[in-house]
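Novice: what follows is a predicted structure for the sequence shown.
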Amino acid sequence: MLGLPPMVAPPAELVDDPLAAAAGTDAVGSVLRHVLDVRLRHSRAVDPVFARELADRLAALVERGGKRLRTAFTQCGWRAGGGSGDTTAVLRTGAALELLQACALVHDDVMDGSLQRRGAPAMHVQLARRHWAAGMHGSAESFGTSAAVLVGDLALAWADDLLTETALGTPHGVRLHEEWRAMRTEMVAGQYRDLHAQAARSSGVDEALAIATLKSALYTVARPLALGASLAGADDHVLDTLRAAGRCAGLAFQLRDDLLGAFGDPALTGKPADDDLRSRKLTYLLAVAVQLADAADDHQAAAALAPDSDPRSEYAVRQVRAALERTGARDLVEKKIEELTAMSLEHFGRTGAHPALRREFAALVGSATGARPRRAQETA
């Protein structure tokens, strides 16, 4: 039986200065490259076709990267929990989160029928084109969808392997794994609630917030903060405070993403700006707009936003955008983002973190949410 080559991490830097936390978003790149190199060599030994057509594509998606926000929040959580010195376990945890993110993106694109990701064709689109170019039998679309699901599964397997290896090598591995396990289940629950809401044509504000919390807020900020703090052996007070800070910042991040999904520039976001509107995905932005339209007896806006509307044409998409603005929903969501960002910074300050780390956390949250509330200036 062919075994997986042992993982030997590249040398990690020693860090004691909280100001250096953001450097982890760069350092995790070298850790990811090392991890991917080992996994790809193993994949090629298992089967060259699988390696070339699935594993290589997954590695390319991961290496295209993003902002590495989850890694940065893991670093912040580690330092807030008292971590210093060898960053190896923190960076490996960050790398596992990046692989888990790849799984989420691939599966999300399949479920949403998105055509682009990180400035390139989505995984299921790439694989459908591969089927068509090779003159293979059957449906290219079905092949692409099925193969992309496997790519997402592979990313999850690699993420779990890396996190487990890391947990086994740290004295706080049990706590680390507990946070990881909870996060994976929350992700699946959030994704299902998202699918369920679309199928049920839901418009409720509470449901939109529940989806945003499960699908994004916990996974993007709250759990990465707690994962980092767990590695540092933080106590329950610090962990609970970081989770509260992360929940607020994560919700603000998702609300910003909702705005970008409706009004963003695809050249900057790397994905189409119309997908959420065309599919009538239940977002907080949409739910608030429906609520405001009903309260104001704005029948035109209500019709454009109605669950049974069919906003697939360009004209219909423009009508939905106009309704989001005319009802005041866009402005209300902007204010909500600022409020949540300020709340997040207040929670983080209660950890007793070094002022320099509080400023760094404020800058990181501001970058993620696009908000610059006055509270961010007061954390100095």
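Specialist: That came in fine, so what should we check first? Residues are numbered from 1 along each chain as shown.
Novice: make it CA atoms for all contacts and neighbour counts henceforth
Specialist: Noted.
Novice: what sits against A287?
Specialist: 203-205, 208 (C-alpha atoms under 8 Å, 6 or more residues apart in numbering).
Novice: who wins for most neighbours among the residues you listed?
Specialist: S203 (24 neighbours; other C-alpha atoms under 10 Å).
Novice: quickly find the element holding the residue found closest to it once you drop the neighbours it is linked to in the chain.
Specialist: Once flanking residues are discounted, S203 sits nearest to A287: 5.1 Å by C-alpha to C-alpha, 6 or more residues apart in numbering. Secondary structure from DSSP states H and E places A287 in helix 284-295.
Novice: now do the host helix or strand of M183: which elements does it pack against?
Specialist: Assessed by DSSP H and E, M183 sits inside helix 173-200. Under the contact criterion of 3 or more C-alpha pairs under 8 Å, 6 or more residues apart in numbering; DSSP states H and E, helix 173-200 touches helix 140-168, helix 205-212, helix 223-231.
Novice: list the buried residues in that helix.
Specialist: Along helix 173-200, these residues count as buried under the neighbour rule (16 or more other C-alpha atoms under 10 Å): 173, 175-177, 179-180, 183-184, 186-187, 190-191, 193-195, 197-198.
Novice: stretch 326-335 now?
Specialist: Here stretch 326-335 shows 326-327, 329-330, 333-334 as buried, counting by 16+ other C-alpha under 10 Å.
Novice: one more: stretch 335-346?
Specialist: Buried residues in stretch 335-346 (16+ other C-alpha under 10 Å): 336-346.
Novice: what do you get for stretch 81-92?
Specialist: 81-83, 87-92.
Novice: in helices, which of these fall?
Specialist: 88-92 (DSSP state H).
Novice: TSV please, covering those and showing pLDDT.
Specialist: What follows is those, written out as TSV (pLDDT from 0 to 100):
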residue	pLDDT
T88	93
A89	95
V90	95
L91	95
R92	96
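Novice: nearest spatial neighbour of L218, skipping sequence neighbours?
Specialist: R247 (5.7 Å).
Novice: what sits against the one you found?
Specialist: Per C-alpha under 8 Å, 6+ apart, neighbours of R247: 213, 217-218, 221-222, 344.
Novice: among the residues you listed, which one has the lowest pLDDT?
Specialist: Ranked by pLDDT, the contacts of R247 bottom out at A217, which has 90.
Novice: and the gap between that one and R70?
Specialist: Per C-alpha to C-alpha, to the nearest Å, A217 is found 11 Å from R70.
Novice: please apply the same query to S43.
Specialist: From S43 to R70 the distance is 26 Å (C-alpha to C-alpha).
Novice: the two: which is more packed in?
Specialist: R70 (24 against 19).
Novice: ok, that one to A303 distance?
Specialist: R70 is 39 Å from A303, by C-alpha to C-alpha.
Novice: what comes into contact with stretch 129-149?
Specialist: 54, 106-107, 110, 123-128.
Novice: could I have that stretch exported to PDB, CA atoms only?
Specialist: Taking Å, rounded to 0.1, in the frame of the first residue of the first chain, the C-alpha atoms of stretch 129-149 are listed here in PDB:
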ATOM      1  CA  ARG A 129     -14.300  22.500 -21.300                       C
ATOM      2  CA  ARG A 130     -11.800  19.700 -20.800                       C
ATOM      3  CA  HIS A 131     -14.500  17.100 -21.600                       C
ATOM      4  CA  TRP A 132     -15.600  19.000 -24.700                       C
ATOM      5  CA  ALA A 133     -12.000  19.600 -26.000                       C
ATOM      6  CA  ALA A 134     -11.200  15.900 -25.600                       C
ATOM      7  CA  GLY A 135     -14.300  14.800 -27.500                       C
ATOM      8  CA  MET A 136     -15.400  12.700 -24.600                       C
ATOM      9  CA  HIS A 137     -18.900  11.000 -24.500                       C
ATOM     10  CA  GLY A 138     -21.800  12.200 -22.400                       C
ATOM     11  CA  SER A 139     -22.700  15.600 -21.100                       C
ATOM     12  CA  ALA A 140     -19.800  17.900 -20.700                       C
ATOM     13  CA  GLU A 141     -21.700  19.900 -18.100                       C
ATOM     14  CA  SER A 142     -22.500  16.900 -16.000                       C
ATOM     15  CA  PHE A 143     -18.900  15.700 -16.200                       C
ATOM     16  CA  GLY A 144     -17.600  19.100 -15.100                       C
ATOM     17  CA  THR A 145     -20.000  19.300 -12.200                       C
ATOM     18  CA  SER A 146     -19.200  15.800 -11.000                       C
ATOM     19  CA  ALA A 147     -15.400  16.300 -11.300                       C
ATOM     20  CA  ALA A 148     -15.500  19.600  -9.600                       C
ATOM     21  CA  VAL A 149     -17.300  18.000  -6.600                       C
END
